[in-house]
Structure formats: C-alpha cells, structure tokens
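A structural model of the following input is requested.
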Amino acid sequence: MRCSQLEEVLQDSKRHTLNTAVLLTGDFNMDVSQGPAAGAITRAQFQGAFAKHHEPTTPGSFLEHGRIIDWIFTRGRVRSLEPLVHRSVSASDHYPLSINVAFV
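Numbering: from 1, shown residues only. The predicted model follows:
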C-alpha cells in the first residue's frame, strides 16, 4: 500500500522536466533507503537529503529504537545542504527535519 502511494507521487513528479526543482518531503511511514521504495526513488532521479545522515526521525522508547520514516528528497536544479533532524523538539511523535537548499 505505502509503495503504491509513493509510486503515485513519483509518477506525478514526471509532469515536470528534470531541470525543474522538485522537493519531495514527508512522513513516509517506512524506511525508503532500501528495497523497492529506494529503487523507485532512484529511478525517478531523486536524491536523498539525509543519505549520509541515517538517524531516527521518531523518538525511541523503552521497547524500541526510534525509526527513520521521515524524508526529504530533491530533484532537478536544486541541492540540499546541511540536513538536520531537530531532536531537541518534542512537540510531536516525529522530529522536525530541515535542509538548506541551493539552486543550481
């Protein structure tokens, strides 16, 4: 189910040329750094802003570690800089994510 929703969003992104700056962000409710979801994102030519910063985006508990389920991806004439998981903010069951962007 989640992969089909991701495929729908990626299909929709094809309406824009590869030179158009596109940001794809949100709570994906799954780790999209591997498996079929990762393949689909790669084929759609999106780059993960947190590709080198795998840290949980949800708080952990006594029974489990936090999960990595929130993501920011870019495509086109934009690059992500300084990705940050704001672990000090506890207003939700997810930590906020941020990046700076550079248009190229």
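
what is the subsequent helix or strand relative to the helix or strand containing D12?
Assessed by DSSP states H and E, D12 sits inside helix 2-13. Using DSSP H and E, the helix or strand that follows helix 2-13 towards the C-terminus is strand 22-27.

would you mind pulling up the elements that that following strand packs against?
Here strand 22-27 is seen to pack against helix 2-13, strand 70-75 when contacts are counted using 3 or more CB pairs under 8 Å, 6 or more residues apart in numbering; DSSP states H and E. The C-beta positions use only the backbone N, C-alpha and C, and glycine is treated the same way.

how many degrees apart are the helix or strand that that strand is followed by and strand 70-75 in direction?
Next helix or strand after strand 22-27 toward the C-terminus (DSSP H and E): helix 35-43. Angle, helix 35-43 to strand 70-75, by axes from the mean of the first three to the mean of the last three CA atoms, to 10 degrees: 30 degrees.

quick revisit: who touches the helix holding D12?
22, 24, 28-30, 32, 36-37, 40-41, 43-44, 46, 75 (CB atoms under 8 Å, 6 or more residues apart in numbering).

who's in contact with I41?
L6, L10, V32, G48, F73.

next, format the residues you listed as TSV and append pLDDT.
Putting the contacts of I41 into TSV (pLDDT from 0 to 100) gives the following:
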residue	pLDDT
L6	93
L10	96
V32	93
G48	96
F73	97
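
of the contacts of helix 2-13, buried ones?
Buried members of those, counted by 16 or more other CB atoms under 10 Å: V22, L24, F28, V32, A37, A40, I41, A44, F46, R75.

pLDDT score for the residue minimising distance to the centre of the chain?
Taking CA atoms, centre = their mean, the centroid of the chain lies closest to W71, which sits 2.0 Å from it. With respect to pLDDT, W71 scores 96.

winner for burial among the helices and strands packed on strand 22-27?
Mean neighbours per residue, mean count of other CB atoms under 10 Å, is largest over these for strand 70-75, with a mean of 21.

and that strand, what does it pack against?
Using 3+ CB pairs under 8 Å, 6+ apart: strand 70-75 touches strand 22-27, strand 47-48, strand 78-85, strand 97-103.
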